[in-house]
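In: test case, fold it:
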Amino acid sequence: MLPFVATKTATPWGPASLVEELTVPQRSGDKRFASVVQLLEGAKGERLVRFAYSTNGTARRGPVTLRARDVERLVSSLADCPQLAEMLGFDVKEGAKGNP
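Out: You can find the predicted model right below:
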């Protein structure tokens with residue numbers, strides 16, 4: 001059974017649809033969590049990028065902290081999310097890693 005994935009979300013600018021999502025699993029000692037980067041699209045077509053973290057699959061508000069190796073994994077994974085990569089200024093045609 002696949003987990004439910006919300007395709008609509010609320011933002012301070014109104015409702016938005018989830019276009020792409022990238023999850024970077026992380027851990028600190030016994031704690032397991034993930035940082036999430038989402039590309040959203042508002043009702044008028046405006047693109048938004050949301051950074052969040054999740055615990056047990058539930059998105060949480062608050063600061064997102066990435067270690068250098070987590071940033072490397074995020075950048076490497078952008079090849080699977082070309083629209084998100086473009087929004088963040090990465091050229092996925094050349095390979096996302098090291099090409100902001």
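In: now the residue most central in space within the chain: how far from residue 83?
Out: Geometric centre of the chain, nearest residue: residue 37, 1.2 Å, by Cα atoms, centre = their mean. Here the criterion is Cβ to Cβ, to the nearest Å. By it, residue 37 lies 12 Å from residue 83. C-beta: built from backbone N, CA, C; applies to glycine.
In: and if you look at residue 44?
Out: 17 Å.
In: who has more neighbours, these two?
Out: residue 83 (14 against 7; other Cβ atoms under 10 Å).
In: my read: the more buried one touches residue 20, true?
Out: Yes. Between residue 83 and residue 20 there is a contact at 5.4 Å, judged by Cβ atoms under 8 Å.
In: who touches both of these two?
Out: Any residue near both residue 83 and residue 20 by Cβ atoms under 8 Å, 6 or more residues apart in numbering counts here, and that gives residue 39.
In: list the contacts for the residue nearest to the centre of the chain?
Out: 21, 22, 24, 49, 50, 51, 74, 84, 88.
In: which among those residues gets closest to residue 30?
Out: residue 24 (18.5 Å; Cβ to Cβ).
In: show me what the host helix or strand of that closest one is packed against.
Out: Taking DSSP states H and E as the definition, residue 24 sits inside strand 14-28. Strand 14-28 sits against strand 8-11, strand 31-42, strand 47-55, helix 68-77, helix 82-87, with contacts defined as 3 or more Cβ pairs under 8 Å, 6 or more residues apart in numbering; DSSP states H and E.
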